[in-house]
Each structure stands twice: as C-alpha cells, then as structure tokens.
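# Let me see the structure of the following:
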Amino acid sequence: MDPAAALEITLVFLITSILLYIVQRALHRHLQIALHRLTGHPDAAVMLYWALLFPGVFLHELSHWLAAMLLGVRRYRFAMWPQRSGGQIRLGAVQLAEVDPLRMSLIGAAPLAAGLMIIALVGGRWPDASASGIALWGAAWQVLQSLPQREWGWVGFYLIFAVGNAMWPSPSDRVAWPALGIAGSLLALLFLLGGPISLHQALMALVMESLARLIPLLTAVLLVNLPILAGLIGLNMLLPMTHGKPNAAR
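Next up, the predicted model:
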C-alpha cells in the first residue's frame, strides 16, 4: 500500500473512532436522562436502560467468560443484573482470578472482538479492505441502507445499536492494558530498528488492512447512533426535569 493510501486510512480510522467516542458518550448520557425523566424513578430507569442494551451486555459478559475459559483462567461469578453503586451503573459482571497481564488484556478485549464480529455478521457483505478510507465510509452507509430489505433487517439495526454500544471494554477490563502496551511498544521499536524491510512492509500492510476492515464496522455503529442521539436530545428538551440526576454506566 502506498504511503498516501495508508495515511488516508489512518486518518479516516482516527476520525471515525473519535466521532464514535463522542457520540456514544452523549448517547448514553441522554438515554439515561430520558429514561430517568420518563419513569421518574432511578431504579426503573436503570432497569429500562439495562433491558435496551441487554443483547450487548450479555455478549459482553459472555465474551469475558468464554475468553477466560479458553485461556485457563478460573471463573467465580457471572452476573447479568444491573446494579447502582454511587454514581455508577454496572450492567453486568464476571469475577475472575488474577492472572498475568497478557491473559487479562485478552480477556478484557474479548467483548470488543465479539461485538465487531456480530456487527460484521449482521451487515453481511462488507467492502473489500483494499477500498480507500473515504470509500469505506460510503460502503458502510450502503450496507445500512440494504438492511431493511433483508429478512429481520430492522432487528439488525437494533443489534448494531445494542451490541455496538455495549462492546467497549470498561475501565476494569483495561487495567492490564498499560503494562502490555509498554511491552508491545518496546518490542515493536526493537523490531523496526533491527528487522528486515520486507517484514516492516508486511507488518504495515497487516495494520492497514486491519484498520480498513474496522472502519466500516465502526462507521455503521456511528451512523445508527446519530439519529438516535438526535431523537433523545429532542425528547429531553420536551420532557420535564426530574429531581436528581442519572448515573454513569460502566
């Protein structure tokens, strides 16, 4: 891949990721506010919030459990019931034994990998990774446009919403990531300084292909979230204020 194409894909990936992060945070916040105002009761709002995201929450915790089982990590508890703790909401939890940073990092990343696979399956045929970065945006839009014509197509939109907004690793899932990231960065630096040019090119091609395959999946979640966020903002402008404030989800 030529440097210009690699730069375009990198920039498109970064822009997509940043926009999705901003939109998702706003969506979770406005969804909790809307449910809190509609029910007038914090516990009822939490239950509705959990129910709306249930497929994604279940996949998230199940991914942790299965990854731990495959990696030989002892599992103690699988919880699928929302709990409020101070100003935070825990929608589910898996209690595991403490192990090395590598296995903990893989277990923490399992929901993201599983969520992206489900979104890929829901969308069906996705664009080839050789497409340009901007073309991948358009391809994601075309995939979403085709969903209503498929059997259970509208369910696909809901799954992209529920899974896409619950697949992200929580702070507890990312505890071991810094140590692994530092070790990985040092190994990558040593490789770049001493490895042959052919391997450098192969590694760069692998990274670019991975980003190109992630862009349409993340874009699909972003495009599904945008109209929902707009609707929630409008709804919250119309609904009367209630006492107290919603909790933040984890």
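
# CA atoms for contacts and neighbours, from now on please.
OK.

# show me where the protein has helices.
Applying DSSP state H to the chain gives helices spanning 3-39, 42-52, 54-70, 101-123, 133-146, 153-164, 177-194, 197-238.

# Of the ones you listed, which is nearest Q88?
Nearest to Q88 among these is helix 42-52 (10.5 Å), distances taken as Cα to Cα.

# same for that closest one, what does it pack against?
Judged by 3 or more Cα pairs under 8 Å, 6 or more residues apart in numbering; DSSP states H and E, helix 42-52 is in contact with helix 3-39.

# Between helix 153-164 and the helix it packs on, find me the angle.
100 degrees (axes from the mean of the first three to the mean of the last three Cα atoms, to 10 degrees).

# For helix 3-39, which residues meet the burial criterion?
Buried residues in helix 3-39, counted by 16 or more other Cα atoms under 10 Å: 6, 9-10, 12-13, 16-17, 20, 23-24, 26-38.

# Could you do stretch 110-123 as well?
Buried residues in stretch 110-123 (16+ other Cα under 10 Å): A110, P111, L112, A114, G115, L116, I118, I119, A120, V122, G123.

# pLDDT weak spots in the chain?
Across the chain, the ranges flagged by pLDDT under 70 are 1, 85-87, 125-132, 176, 179-181, 183-184, 186-201, 242-250.

# CA atoms of stretch 13-28 as PDB?
Coordinates of each C-alpha in stretch 13-28 appear next as PDB, following Å, rounded to 0.1, in the frame of the first residue of the first chain:
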ATOM      1  CA  PHE A  13      -9.900   5.500  11.200                       C
ATOM      2  CA  LEU A  14      -8.900   8.100  13.800                       C
ATOM      3  CA  ILE A  15     -11.800  10.500  12.800                       C
ATOM      4  CA  THR A  16     -14.300   7.700  12.900                       C
ATOM      5  CA  SER A  17     -13.100   6.500  16.300                       C
ATOM      6  CA  ILE A  18     -13.100  10.000  17.800                       C
ATOM      7  CA  LEU A  19     -16.600  10.800  16.500                       C
ATOM      8  CA  LEU A  20     -17.900   7.500  17.700                       C
ATOM      9  CA  TYR A  21     -16.500   8.000  21.100                       C
ATOM     10  CA  ILE A  22     -18.000  11.500  21.400                       C
ATOM     11  CA  VAL A  23     -21.400  10.400  20.000                       C
ATOM     12  CA  GLN A  24     -21.600   7.300  22.200                       C
ATOM     13  CA  ARG A  25     -20.800   9.200  25.400                       C
ATOM     14  CA  ALA A  26     -23.500  11.700  24.500                       C
ATOM     15  CA  LEU A  27     -26.000   8.900  23.600                       C
ATOM     16  CA  HIS A  28     -25.500   7.000  26.900                       C
END
